[in-house]
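Quick one: sequence and predicted model below, then my questions.
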Amino acid sequence: MNLTLDIWRQKNTDTKGAFKTYAISNISEDMSFLEMLDVLNEQLVEKGEDPVHFDHDCREGICGSCNLFINGRAHGPNIKTAACQLHMRSFSDGDNITIEPWRASAFPVIKDLVVNRGAFDRIIQAGGYVSVNTGGVPDANEIPISKVKADQAFDSATCIACGACVAACKNASAMLFVSAKVSQLALLPQGQVERKTRVERMVAQMDAEGFGACTNTGACSIECPVGISQDNIARMNREYYSAKAKSDNLE
Amino acid sequence: MSWFTKAISSSLGKKFVMASTGLFLIIFLLGHVSGNLLLFKDDGGQAYNFYAEFMTTSPIVQVLRILTAASFILHIIYSILLTRINRKARPVEYKVTKPGANTEWPARNMGILGTIIFVFLVIHLRTFLYEMKFGDVAYVDYGDLGRVKDLYTLVASTFSIWWYSILYIVMMVFLAFHLWHGFKSAFQTLGMKHRKYTPAIEKAGYAFAIIVPAVFAAMPIFFLIKSLG
């Protein structure tokens, strides 16, 4: 396959970036998208040019590092796949592929296609945890949880925090991410102690980071590589309104 | 700030205001369309004129009118506040986007649709409510039943102007698109999502978005045809 790549190049957070066009040839359709970028980078290094920086780690759709906005879609044209699980057979010979970083004021570009998703970490630090005193290991099945609730919590917990929801949203809203993290703990008995404070703090941190609000377009769930559903956002809203009405926090 | 102002100024608080005022306006539309069905009654506008008299004098309706006006104003103010946050959240736009791949057109254009509806609302209030309240609408005498303002004739004469009727019909298409997304979206925002009820709510929303604007649009069509024949 011969391809033309339009890639966002930006030296660092403080400099202005621009698109640069690269022609690449002899790409196998069995290559993954990231392997295609590896080939490009090898050629750039041989020529003494700065390789294209992009985030990646596990390359099997678990870690949520590979945040690439490919041809107008987060993680590329296929649904329920991360960019690392995207293969070149999804493209045709002669295609023009535009690769951009996630665009959000809360995700500043570090270099080229790499963005700083520290905002997500700060949202988790604000309340996305369960405080437990250490002690003996509890017996399995000591705490009764219905199968339905356990499955719902697990579905929410599959969020890999890649940020595709923010990237795909027309408002750069982080509601899907935050709602998955809120839901996961709100559904389980272990999460009840900090349930109200958690949602209040996480939403406050989400707003402070400068993410947009939700228009319920549903783009986030469609672009999400693990298919986190809109039910989570409805649940977070419920949790938030009920917490604001009933919690003891006056803040 | 108190806990309440803080809650209402959060992103989810603003969304709560948008959704609840939107739902109230949906109820208003239902009342408005049902009352105006009297326009189709073949009695020379008598029933409609008494209804209009009731709507402008009844104390309960005046309270509802204030609530409706407040809902419109809050809905508009909060849409501006939310749009500002949303714009700020993405300072650099993408070069390539494929919005059609993951969203419906009305969902992406609620602001534009809302702005068009707002312009229509101003024209609509000037044409009818302002005239009824402050204009010189002629009185009509129904003998023992009383003497009331003849709003029916104003409606009939306004809608016999062809371009005015067409403006109204086109505006109802925009209203339909706004409701298409707005109805179900209000429930989602308020957290009212349940596998038992959401499918029915969505279907009701789509039906509402088509039927209510269609009945509204039938009114100018009715008078336009009447004026021709």
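That came in fine, so what should we check first? Everything quoted here is computed from the prediction, not taken from an experiment.

How about residues contacting the helix ranked longest in chain A?
Secondary structure of chain A per DSSP state H: the longest helix is helix A:231-246. Residues from elsewhere that reach helix A:231-246 (Cβ atoms under 8 Å, 6 or more residues apart in numbering or on different chains): A:152, A:156, A:175-176, A:178-180, A:182-183, A:186, A:195-197, A:199-200, A:203, A:214, A:216, B:3, B:7, B:10, B:12-13, B:15-16, B:188-193. All C-beta spots, glycine's among them, are computed from the backbone N, C-alpha and C.

centre of the chain versus that helix, how much separation?
Remark: helix A:231-246 is offset 22 Å from the chain centroid, using Cα atoms, centre = their mean, to the nearest Å.

Please save the CA atoms from it in CSV.
Extracted in CSV, the C-alpha atoms of helix A:231-246 (Å, rounded to 0.1, in the frame of the first residue of the first chain):
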residue,chain,number,x,y,z
ASP,A,231,-26.4,4.8,30.9
ASN,A,232,-23.3,5.8,32.9
ILE,A,233,-23.9,9.5,32.2
ALA,A,234,-27.5,9.3,33.2
ARG,A,235,-26.4,7.5,36.4
MET,A,236,-23.7,10.1,37.2
ASN,A,237,-26.3,12.9,36.7
ARG,A,238,-28.7,11.0,39.1
GLU,A,239,-25.9,10.5,41.6
TYR,A,240,-24.8,14.2,41.4
TYR,A,241,-28.3,15.7,41.8
SER,A,242,-29.2,13.4,44.6
ALA,A,243,-25.8,14.0,46.3
LYS,A,244,-26.2,17.8,46.0
ALA,A,245,-29.7,17.6,47.5
LYS,A,246,-28.8,15.2,50.3
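
That one: which residues count as buried?
Buried residues in helix A:231-246, counted by 16 or more other Cβ atoms under 10 Å in any protein chain shown: A:231-241, A:243-244.

what do you get for stretch B:209-223?
For stretch B:209-223, a neighbour-count test (16+ other Cβ under 10 Å) marks B:209, B:212-213, B:216-220, B:222-223 as buried.

thought A:V115 was touching A:S105?
No - using Cβ atoms under 8 Å, A:V115 makes no contact with A:S105, being 10.9 Å away.

neighbour count winner among the two?
Comparing A:V115 with A:S105 by other Cβ atoms under 10 Å in any protein chain shown, the one with more neighbours is A:V115, at 23 against 17.

for the closest residue to the more buried one other than its chain neighbours, what are its contacts?
The shortest distance from A:V115 to any non-neighbouring residue, by Cβ to Cβ, 6 or more residues apart in numbering or on different chains, is to A:F107 (4.2 Å). By Cβ under 8 Å, 6+ apart, the contact list for A:F107 reads A:101, A:115-117, A:119, A:163, A:166-167.

show me where chain A has strands.
Ranges of strands within chain A are A:3-9, A:18-24, A:69-70, A:73-74, A:96-100, A:109-111, A:114-115, based on DSSP state E.

Could you see whether chain B lies near the fourth one?
What that stands for is strand A:73-74. Yes - residues of strand A:73-74 contacting chain B under Cβ under 8 Å from any Cβ of the partner chain: A:R73.

Now do that strand: which elements does it pack against?
helix A:164-168 (3 or more Cβ pairs under 8 Å, 6 or more residues apart in numbering or on different chains; DSSP states H and E).

The helix it packs on packs against which elements?
Helix A:164-168 sits against strand A:73-74, helix A:175-186, helix A:219-223, with contacts defined as 3+ Cβ pairs under 8 Å, 6+ apart.
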